[in-house]
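> Output the structure for:
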Amino acid sequence: MFTTTLSPHALSVRLHAALLLVAGRAVAGLRRLGDERGQTTAEYALVLLGAAAVALLLAAWATKSGKLGQLLDAVFDAVTGKVT
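Purely as a prediction, here's the structure:
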């Protein structure tokens, strides 16, 4: 294995270059995050709209078919059956 001894000046130059490289990558990563913040908010809003649409369709179907009344009757019967 080949090893070399670096002078303190050469070591500090290499350390400085490595720190600049790491800092540059960190800044680039932060810039990418900053550019995508609005996209995350938009995706969250679209998911909420989709969930609301599914809930409305389910509620409309349950109301039209009479299943909602049956479900509520079953829930109330189960609750009152456990209380008495």
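> Tell me the spacing between residue 62 and residue 55.
Separation of residue 62 from residue 55 (C-beta to C-beta, to the nearest Å): 10 Å. For glycine as for every other residue, the C-beta is placed from the backbone atoms N, C-alpha and C.
> Pick out whichever of these two has more residues nearby.
Comparing residue 62 with residue 55 by other C-beta atoms under 10 Å, the one with more neighbours is residue 62, at 15 against 10.
> State the pLDDT value of the more buried one.
Residue 62 carries a pLDDT score of 79 in this model.
> Quick one: distance of the worst-scoring helix or strand of the chain on mean pLDDT to the chain centre.
Ranked by mean pLDDT, DSSP states H and E, the weakest helix or strand in the chain is helix 8-65, scoring a mean of 78. Relative to the centre of its chain, helix 8-65 is centred 8 Å away, using C-alpha atoms, centre = their mean, to the nearest Å.
> after that helix comes which helix or strand?
helix 67-83 (DSSP states H and E).
> just checking, what packs against that following helix?
Judged by 3 or more C-beta pairs under 8 Å, 6 or more residues apart in numbering; DSSP states H and E, helix 67-83 is in contact with helix 8-65.
> Now do the helix it packs on against helix 67-83, angle only.
Counting by axes from the mean of the first three to the mean of the last three C-alpha atoms, to 10 degrees, helix 8-65 lies at 100 degrees to helix 67-83.
> Which strands and helices lie in contact with helix 8-65?
Where contact means 3+ C-beta pairs under 8 Å, 6+ apart, helix 8-65 is packed against helix 67-83.
> can you tell me how far residue 8 sits from residue 17?
Counting by C-beta to C-beta, the gap from residue 8 to residue 17 is 15 Å.
> ignore the last one, residue 76
Counting by C-beta to C-beta - residue 76 and residue 17 are separated by 73 Å.
> again, but for residue 72
70 Å.
> ditto for residue 65
71 Å.
> Would you mind measuring from residue 57 to residue 44?
Taking C-beta to C-beta, one finds residue 57 at 21 Å from residue 44.
> So for residue 8 and residue 17, which sits in the more crowded spot?
residue 17 (10 against 7).
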